[in-house]
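Enquirer: fold the following and give me the result.
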Amino acid sequence: MTKEQTAKEVEYKMALKLLKILLSRGIITDEEYAKIDELNRQTFSPQLAKVYV
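Expert: All right, here's what the predicted structure looks like:
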């Protein structure tokens with residue numbers, strides 16, 4: 001894995017963590033979580049996204 005791919009993985013993981021916090025606090029719904037996560041997957045193109053589920 002290149003440094004750029006590693007950076008994208010870290011950025012995706014950070015975004016996922018923030019999303020989970022928003023979901024746990026009731027700020028976003030499950031549907032919004034799924035939509036935002038899909039957008040994040042398109043933006044960051046994490047190769048390990050399936051592992052994070």
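Enquirer: sec struct for the most centrally placed residue in the chain, please.
Expert: Nearest residue to the geometric centre of the chain (Cα atoms, centre = their mean): residue 16, 3.4 Å. Following DSSP: H, G, I helix; E, B strand; the rest coil, the label given to residue 16 is helix.
Enquirer: pLDDT score assigned to residue 53?
Expert: The per-residue pLDDT reported for residue 53 equals 62.
Enquirer: just residue 3 next, same as before
Expert: Residue 3 is given a pLDDT of 90.
Enquirer: same question, residue 28
Expert: 98.
Enquirer: so it is in contact with residue 20, correct?
Expert: No. Using Cβ atoms under 8 Å, residue 28 is not in contact with residue 20; the gap is 10.0 Å. In this view, the C-beta of every residue, glycine as well, is placed from N, C-alpha and C.
Enquirer: more neighbours: these two, which one.
Expert: Comparing residue 28 with residue 20 by other Cβ atoms under 10 Å, the one with more neighbours is residue 28, at 17 against 13.
Enquirer: could you find the closest non-adjacent residue to that one?
Expert: The shortest distance from residue 28 to any non-neighbouring residue, by Cβ to Cβ, 6 or more residues apart in numbering, is to residue 22 (4.7 Å).
Enquirer: C-alpha coordinates for whichever strand or helix holds that neighbour, CSV please?
Expert: Taking DSSP states H and E as the definition, residue 22 sits inside helix 3-24. The C-alpha trace of helix 3-24 is given here as CSV (Å, rounded to 0.1, in the frame of the first residue of the first chain):
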residue,chain,number,x,y,z
LYS,A,3,1.5,6.4,1.4
GLU,A,4,-1.3,8.0,-0.5
GLN,A,5,-3.5,4.9,-0.1
THR,A,6,-2.6,4.7,3.5
ALA,A,7,-3.6,8.4,4.0
LYS,A,8,-6.9,7.8,2.3
GLU,A,9,-7.6,4.8,4.6
VAL,A,10,-6.9,7.0,7.6
GLU,A,11,-9.1,9.8,6.4
TYR,A,12,-11.9,7.4,5.7
LYS,A,13,-11.5,5.8,9.1
MET,A,14,-11.6,9.2,10.8
ALA,A,15,-14.7,10.2,8.8
LEU,A,16,-16.4,6.9,9.8
LYS,A,17,-15.6,7.5,13.4
LEU,A,18,-17.2,11.0,13.3
LEU,A,19,-20.2,9.6,11.5
LYS,A,20,-20.7,6.9,14.2
ILE,A,21,-20.5,9.7,16.9
LEU,A,22,-23.2,11.7,15.0
LEU,A,23,-25.4,8.6,14.7
SER,A,24,-25.0,7.6,18.4
